[in-house]
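[1] pasting the structure only:
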């Protein structure tokens with residue numbers, strides 16, 4: 001078996017015709033596919049080379065935050081460690097290369113068949129990190145998806161959403177100044193609109209709150 005030079009920035013495992021399907025895979029499934037395909041092609045990949053292949057296949061998901069031209073080794077290497085440890089999906093070492101285990105081998109063939117037949121289903125979780133955003137830009141979104149209103153909405157407990165949930169969602173209270181209330185509502189609505197393309201539920205939560213507590217909102221703004 002031969003080893004790939006880590007300085008070579010060309011795809012060595014994936015082919016261009018499969019890129020669109022491979023981008024739909026989770027990082028874990030992509031690693032399984034890369035390791036499985038490398039073994040079929042008698043290539044031995046180090047952890048760094050797996051990082052590079054993941055990045056070349058899907059730079060949007062595997063690049064450094066706000067720097068898509070650089071791979072984020074931490075994300076992939078951390079996942080490799082989990083797969084080699086408690087999950088038992090990989091054997092091998094960081095420099096010596098990795099192999100599939102009995103657990104992951106069957107999964108690899110399933111993934112390979114889906115990719116070859118262009119039947120990979122794309123799963124876009126609402127908590128997926130956007131690598132083009134800074135942590136400061138994403139922080140308001142992360143706060144909103146942890147609010148009681150959002151959680152109750154996901155659990156279909158709409159009747160349990162109360163006025164205090166509305167106030168907490170916007171980060172305001174009855175003692176807040178009028179100017180602060182107006183700015184907070186405007187800013188939060190902007191955050192919701194910005195992230196609505198990847199989290200439709202968040203937009204629905206905002207619409208429900210503004211409909212259910214319209215009177216509350218009017219009193220707060222006009223007080």
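    Done, it's in. Quick caveat, the model's predicted, so the values are computed rather than measured.
[2] when you work out contacts or count neighbours from here on, use the C-alpha atoms and nothing else.
    OK.
[3] so what touches the top helix by length along the chain?
    The helix that spans the most residues within the chain, counting by DSSP state H, is helix 178-195. Contact partners of helix 178-195, identified using CA atoms under 8 Å, 6 or more residues apart in numbering, comprise 140, 141, 170, 171, 172, 202, 203, 206, 220, 221, 222, 223.
[4] what's near enough to touch the fifth one?
    Residue 172 makes contacts with 181, 184, as judged by CA under 8 Å, 6+ apart.
[5] lowest pLDDT pick from the contacts of helix 178-195?
    Within those, the minimum per-residue pLDDT falls on residue 223 (70).
[6] per-domain residue ranges of this structure.
    Listed domain ranges for the chain are 2-116, 135-222 (source: automatic domain parsing).
[7] deepest-packed of these, please.
    For these, average neighbour numbers computed from mean count of other CA atoms under 10 Å are highest in domain 2-116, which has a mean of 18.
[8] just to revisit the earlier point, which members of the contacts of helix 178-195 occur in helices, if any?
    If you go by DSSP H, the contacts of helix 178-195 have 140, 141, 170, 202, 203, 206, 220, 221, 222 in helices.
[9] relative to residue 150, which of these is nearest.
    Within those, the smallest distance to residue 150 is 7.0 Å, found for residue 202 (CA to CA).
[10] measure that closest one to residue 39 for me?
    When CA to CA, to the nearest Å is the yardstick, residue 202 and residue 39 sit 43 Å from each other.
[11] repeat for residue 156
    Here the distance between residue 156 and residue 39 works out to 46 Å (CA to CA).
[12] repeat for residue 84
    For residue 84, the distance to residue 39 equals 17 Å [CA to CA].
[13] pairing partners for residue 97 in the sheet, please.
    residue 93 (DSSP bridges).
[14] so it makes contact with residue 44?
    Yes: counting by CA atoms under 8 Å, residue 97 does reach residue 44; the two are 5.3 Å apart.
[15] check contacts around the nearest residue to residue 47 once chain neighbours are set aside.
    Beyond its immediate neighbours in the sequence, the residue positioned closest to residue 47 (CA to CA, 6 or more residues apart in numbering) is residue 94, lying 5.0 Å away. If a contact means CA under 8 Å, 6+ apart, then residue 94 has 46, 47, 48 as its contacts.
[16] need those in TSV (columns: pLDDT).
    Compiled in TSV, those are given as follows (pLDDT from 0 to 100):
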residue	pLDDT
46	88
47	89
48	88
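[17] take these and keep only those in helices.
    When helices are assigned by DSSP H, the members of the contacts of residue 94 inside them are 47, 48.
[18] export the contacts of residue 94 to CSV and tack on distance to residue 90?
    Conversion of the contacts of residue 94 to CSV gives the following (distance: CA to CA, whole Å):
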residue, distance to residue 90
46, 12
47, 12
48, 15
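[19] how near is residue 143 to residue 175?
    If you go by CA to CA, the gap between residue 143 and residue 175 works out to 22 Å.
[20] please read the previous query as pertaining to residue 103.
    As for residue 103, its distance to residue 175 is 58 Å (criterion: CA to CA).
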